[in-house]
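Asker: coords below, sequence missing:
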DNA sequence: TTTTAGTTACACAGACCTGTGTACTTAGGC
DNA sequence: GCCTAAGTACACAGGTCTGTGTAACTAAAA
């Protein structure tokens, strides 16, 4: 058997380090040498576990693809909690946007497989929203789920550029308005701060 | 004087080509050799106009920074027209997301100047929305402008991954709901298709 | 005609990248 | 004690990239 200097397997150690470096600094910016050096292993060992950098990239993205959890809390709460979770992640200094969007932006239209997994991830989140909305009996769950996903990705893109966790709060407020407009009770008397004082446009 | 084989200046020709290649294939994916070869000039000429690739990247982004036009149409119409314009751009096969977001994603947190111009661009669009909302007399124009910007960037990110121009329509529908909720007349009897049939959540 | 600014062709330095080849070491399992 | 699987050290091939150096060319201006 191979020596196991840590509880993780070597493959997992490589993936963990690749994840950190790829995500924080960019896939193209990080060479396999850098990853191996960071772990303290030889480049040969890395290539014994992954046949190519492309394979490592694919494994990195697949590892990032974790399905969103579903709790037994009310669906509306779960939906809104998504944005609280986002805000927490934005506040962390090592947040650098959506790894899938970044990979597609970075690797371009050439890399078909990367795009495939990115689409799958985006769709899985949309489906999660849709299912929660169906639980709420919302008529046009599909359309509303898409709109919520736009708010999620919009706040991620904005935070990537501006480093402003408040984008998650703004997205949450917008989500409340959309949910309310679809007949969902979001537990708030006034859904949108833009009408907090009941002001209306003069004409 | 230098020979001018085309009405444009050489600098502009370089920028135009760099724009096309950087945007479509990624900044890191394109070398200066490729740009020079595409125009049919020597690499030396390129470096006579731009001291470094970084300078060319900066010029590329600055050239992309075009302020949004303001027409004399009603502000609400102008705001919604933004999403129609987005949809048209999504439908073009050479659309590859927001060049500023892509550059930040690609170049990482190291490149400070790229981030700076990206922030300026995002903020300029938010300001444009805010000014239109102020014209409409919306109370919380700042907050609503931010929410609209989230929809814009969200639809761009989604289209980048999914190649689905319908994302722009979804963003527009969501924008209508938000505007309506802020008291703006968007000229539509029913703002959100999710309540088109008046369905309500059962509990 | 002479000058001069812009361009060209081309080589090259120096760095970095992916991926391989090879011989050596180390540590369990039998 | 031996075998085997995994890891190590290290060189290197072959490619790409940015950026520079240099001498020749071209065309317009003076």
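Answerer: Cool, the structure landed. On a predicted model such as this, the values are computed, not experimentally measured, just so you know. Residues are numbered from 1 along each chain as shown, chains lettered A, B, ... in the order given.
Asker: switch to C-alpha atoms for all contacts and neighbour counts from now on
Answerer: OK.
Asker: was I right about residue A:97 contacting residue A:156?
Answerer: Yes. Counting by CA atoms under 8 Å, residue A:156 is a contact partner of residue A:97 at 5.6 Å.
Asker: higher neighbour count, those two?
Answerer: Between residue A:97 and residue A:156, counted using other CA atoms under 10 Å in any protein chain shown, the more crowded position is residue A:156 (31 against 24).
Asker: ok, then the element right after whichever helix or strand the more buried one is part of?
Answerer: If you go by DSSP states H and E, residue A:156 is part of helix A:141-162. Moving toward the C-terminus from helix A:141-162, the next helix or strand (DSSP H and E) is helix A:166-181.
Asker: which residues touch that following helix?
Answerer: Defining contact as CA atoms under 8 Å, 6 or more residues apart in numbering or on different chains, one finds that helix A:166-181 is touched by A:80, A:83-84, A:86-87, A:90, A:144, A:148, A:151-152, A:155-156, A:158-159, A:185-186, A:191-193, B:143, B:146-147, B:150, B:174, B:177-178, B:181, B:192, B:194-195.
Asker: between it and helix A:141-162, how many degrees?
Answerer: Interaxial angle, helix A:166-181 versus helix A:141-162 (axes from the mean of the first three to the mean of the last three CA atoms, to 10 degrees): 160 degrees.
Asker: nearest residue to residue A:18 other than its sequence neighbours?
Answerer: residue A:35 (6.0 Å; CA to CA, 6 or more residues apart in numbering or on different chains).
Asker: so that neighbour versus DNA strand C, what's the distance?
Answerer: 9 Å (CA to the nearest atom of the strand, to the nearest Å).
Asker: need phi/psi at that residue.
Answerer: Phi and psi for residue A:35, reported as degrees, to the nearest 10, are phi -60, psi -50.
Asker: for residue A:118, which residues are in contact?
Answerer: A:100, A:101, A:104, B:161.
Asker: which one of the residues you listed sits closest to residue B:120?
Answerer: residue A:101 (21.3 Å; CA to CA).
Asker: any idea which element the closest one lies in?
Answerer: Element membership of residue A:101 [criterion: DSSP H and E] is helix A:99-107.
Asker: contact partners of that helix?
Answerer: Around helix A:99-107, the neighbours that count as contacts under CA under 8 Å, 6+ apart are A:23, A:26-28, A:61, A:64, A:111, A:114-115, A:117-118, A:121, B:25-26, B:28-29, B:96-97, B:102, B:105-106, B:157, B:160-161.
Asker: quick check: mean pLDDT of the longest helix along chain A?
Answerer: Counting by DSSP state H, the longest helix found in chain A is helix A:112-135. What helix A:112-135 shows for mean pLDDT is 97.
Asker: and the residue nearest the centre of chain A?
Answerer: Note on chain A: the residue nearest the mean C-alpha position is residue A:98, at 4.9 Å, using CA atoms, centre = their mean.
Asker: is any part of the helix or strand harbouring residue A:47 close to DNA strand D?
Answerer: With secondary structure defined by DSSP H and E, residue A:47 is part of helix A:43-49. Yes. Helix A:43-49 reaches DNA strand D (CA under 7 Å from any atom of the strand) through A:43, A:44, A:45, A:48, A:49.
Asker: can you tell if that helix touches DNA strand C?
Answerer: Yes. Under the criterion of CA under 7 Å from any atom of the strand, DNA strand C is reached by helix A:43-49 at A:43, A:44, A:47.
Asker: quick one: which of those residues is nearest DNA strand D?
Answerer: DNA strand D has its nearest neighbour among those in residue A:44, at 5.0 Å by CA to the nearest atom of the strand.
Asker: which ones are touching that closest one?
Answerer: Taking CA under 8 Å, 6+ apart, one finds nothing in contact with residue A:44.
Asker: separation between it and residue A:16?
Answerer: Counting by CA to CA, to the nearest Å, the gap from residue A:44 to residue A:16 is 18 Å.
Asker: one more: residue A:146?
Answerer: On the measure of CA to CA, residue A:146 and residue A:16 end up 31 Å apart.
Asker: need the pLDDT of the residue in chain A that chain B sits nearest to.
Answerer: The nearest approach of chain A to chain B comes at residue A:154, 3.5 Å away (CA to the nearest CA). Here the pLDDT value assigned to residue A:154 is 98.
Asker: contact partners for the nearest residue to it once chain neighbours are set aside?
Answerer: Among residues not flanking residue A:154 along the chain, residue B:154 sits closest, at 3.5 Å (CA to CA, 6+ apart). Residues counted as contacts of residue B:154 (CA under 8 Å, 6+ apart) are A:149, A:150, A:151, A:152, A:153, A:154, A:155, A:157.
Asker: one more time with 6 Å, if that's ok
Answerer: By CA atoms under 6 Å, 6 or more residues apart in numbering or on different chains, the residues touching residue B:154 are A:150, A:151, A:153, A:154.
Asker: next one: residue A:147
Answerer: So, once contact is read as CA under 6 Å, 6+ apart, residue A:147 ends up touching residue B:170.
Asker: for chain A, list the residues in contact with chain B, please.
Answerer: Applying CA under 6 Å from any CA of the partner chain, one finds that chain A approaches chain B through A:25, A:102, A:105-106, A:108, A:119, A:136-140, A:147, A:150-151, A:153-155, A:161-162, A:170, A:182-183, A:194-195, A:200-201.
Asker: and those residues, which are buried?
Answerer: Buried by 16 or more other CA atoms under 10 Å in any protein chain shown: A:25, A:102, A:105-106, A:108, A:119, A:136-140, A:147, A:150-151, A:153-155, A:161-162, A:170, A:182-183, A:194-195, A:200, out of the residues of chain A next to chain B.
Asker: more neighbours: which of residue A:146 and residue A:16?
Answerer: Legend: neighbour count by other CA under 10 Å for residue A:146 and residue A:16, higher for residue A:146 (24 against 17).
Asker: leaving out chain neighbours, which residue sits closest to that one?
Answerer: Closest to residue A:146 by CA to CA, 6+ apart is residue A:126, at 6.1 Å.
Asker: that neighbour: neighbour count?
Answerer: Counted with other CA under 10 Å, residue A:126 comes out at 20.
Asker: if I look at it, how far off is DNA strand C?
Answerer: Computed as CA to the nearest atom of the strand, the residue A:126 to DNA strand C distance reads 33 Å.
Asker: where does chain A have low pLDDT?
Answerer: Flagging of chain A using pLDDT under 70 yields the residue ranges A:1-7, A:188-203.
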